[in-house]
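**Q** model this:
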Amino acid sequence: MVTGLFIFALLVGHANAVPNPLPGEGNQIGILYMIHPNAKDNEVITSFLAEHPDISWRESVYNETFDYIYITPLNDCREKLVYINQRKVDERSGPSIVSVRIIGCDEILPLDPLFQFPEVFENYSSLSGDQDLMDYIEENIPGRCAEVEKSDSETDVYFIDDAGTFTEYIVTIRKDLFTDNVAYSTFISEEYFTIDKSEAQAEALGQRPGWNLTGETILKIDDDVFAWEIPVSNGSGEDTIVIPAELREGYSVMKTEPKGMPGFDLTATILGIGAVLVVIARRRN
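**A** I've put the predicted structure just below:
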């Protein structure tokens with residue numbers, strides 16, 4: 001009798017066991033949240049999943065550090081969501097999501113640096129010709145971008161990576177009536193300066209007791225003078241605290257001319273053709 005009861009218990013336990021879902025089976029949102037818990041803390045992702053509860057999702061390698069996560073509705077697929085996720089981060093203890101976009105279901109999957117800031121590259125077409133900038137975006141995956149107009153003819157575009165060590169790639173663009181051109185670029189890191197981002201923020205809050213950080217901190221350059229600009233608020237008022245940033249001894253910041261994409265330089269080609277025509281004309285005379 002004891003043996004019979006033991007066998008019966010095993011059979012009941014087996015019948016009530018919940019099998020592990022195979023790939024593509026089970027509650028896909030629950031599985032996504034289990035594997036990538038940071039997804040449930042992102043408002044864009046949770047709103048998209050609330051609107052499209054029946055989904056499939058997959059991962060795709062972007063580079064050694066980051067993956068793409070694609071979320072596609074199974075019914076009435078007019079749009080899909082894709083976000084960049086840092087691979088080696090423990091998502092239960094730190095942020096990992098860098099950028100989130102919703103694109104059309106028929107849209108080509110974004111697998112290049114332009115994915116990050118499509119509006120900026122549309123506004124300044126010459127940016128896409130700067131290979132050093134494209135390398136920075138691909139290697140660092142900056143999380144945000146800022147535009148600072150220096151004059152009617154010059155604008156600084158800041159590409160900012162503040163996940164970990166704070167770095168910026170700053171492109172100075174010269175504009176005329178019809179075109180824009182990358183004049184030079186500057187790379188800076190908080191490691192170059194005697195005061196880093198967190199120290200600058202602490203100093204700013206010390207100047208405004210009871211205030212809170214708002215907006216995004218930026219390390220700005222103006223006539224080769226560096227300063228942290230830190231927005232703060234006390235609920236009823238807002239202010240921007242400027243904390244001077246001094247270079248550490250032995251460090252310097254270099255402006256570099258843009259390294260173009262592989263291929264011919266159209267401007268150089270036109271100038272070369274012009275020079276040849278001038279030589280031919282002189283010989284004829």
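
**Q** looking only at pLDDT, what's the mean for stretch 137-144?
**A** Taken as a whole, stretch 137-144 carries a mean pLDDT of 86.

**Q** likewise for stretch 157-165?
**A** For stretch 157-165, mean pLDDT is 91.

**Q** got a list of contacts for it?
**A** Outside stretch 157-165, the residues that touch it by CB atoms under 8 Å, 6 or more residues apart in numbering are 86, 95, 98, 117, 120, 124, 127, 133, 136-137, 140-148, 166-171, 173, 189-191, 197, 216-218, 220. Glycine gets a C-beta too; all of them are placed from N, C-alpha and C.

**Q** could you redo the last one with a cut-off of 6 Å?
**A** Stretch 157-165 has contacts (CB atoms under 6 Å, 6 or more residues apart in numbering) with 140, 142, 144-147, 167-171.

**Q** any idea how far apart the tips of it sit?
**A** 19 Å (CA to CA, to the nearest Å).

**Q** picking that back up, what's the farthest-apart pair in the contacts of stretch 157-165?
**A** Using CB to CB, the pair of the contacts of stretch 157-165 lying farthest apart is N140 and E147, separated by 18.7 Å.

**Q** looking at those two, which one has more neighbours?
**A** Using other CB atoms under 10 Å as the criterion, N140 and E147 rank with N140 on top: 21 against 12.

**Q** wait, a strand at I84?
**A** Yes: assigned with DSSP: H, G, I helix; E, B strand; the rest coil, I84 falls within a strand.

**Q** from F193, how far out is the closest residue to it other than its chain neighbours?
**A** Excluding the flanking residues, the one nearest I84 by CB to CB, 6 or more residues apart in numbering is V98, at 4.4 Å. Separation of V98 from F193 (CB to CB, to the nearest Å): 24 Å.

**Q** so the residue nearest to I84 is in which element?
**A** Assessed by DSSP states H and E, V98 sits inside strand 97-104.

**Q** what's in contact with whatever helix or strand comes next after that strand?
**A** Tracing the chain C-terminally past strand 97-104 and defining elements by DSSP H and E, one meets helix 118-123 next. With contacts defined as CB under 6 Å, 6+ apart, helix 118-123 is touched by 114, 127-128, 145.

**Q** can you say which two of these are spatially most distant?
**A** Using CB to CB, those span at most 14.0 Å, a distance reached by S128 and C145.

**Q** who touches both of these two?
**A** Contacts common to S128 and C145, judged by CB under 6 Å, 6+ apart, are absent.

**Q** out of the contacts of helix 118-123, which end up buried?
**A** Buried by 16 or more other CB atoms under 10 Å: 127-128, 145, out of the contacts of helix 118-123.

**Q** just to revisit the earlier point, can you give me the buried ones in the strand holding V98?
**A** Within strand 97-104, the residues that qualify as buried are 97-100, 103, counting by 16+ other CB under 10 Å.

**Q** nearest to T65, of the contacts of helix 118-123?
**A** The closest of those, once distances to T65 are taken by CB to CB, is L114, at 18.4 Å.

**Q** bridged to S60, which residues?
**A** Per DSSP bridges, the residues bridged to S60 are Y68.

**Q** pretty sure it contacts Y68?
**A** Yes: with contacts counted by CB atoms under 6 Å, S60 reaches Y68, the gap being 4.4 Å.

**Q** between the two, point out the one with more neighbours.
**A** The residue with more neighbours, out of S60 and Y68, is Y68; 17 against 11, by other CB under 10 Å.

**Q** what's the spacing between that one and I84?
**A** Taking CB to CB, one finds Y68 at 6 Å from I84.

**Q** helix/strand/coil for T240?
**A** Strictly by three-state DSSP, T240 counts as strand.

**Q** does the nearest residue to it once chain neighbours are set aside lie in a helix or a strand, and which?
**A** In space, and not counting its chain neighbours, T240 is closest to P231: 5.2 Å by CB to CB, 6+ apart. Taking DSSP H and E as the criterion, P231 maps to strand 225-233.
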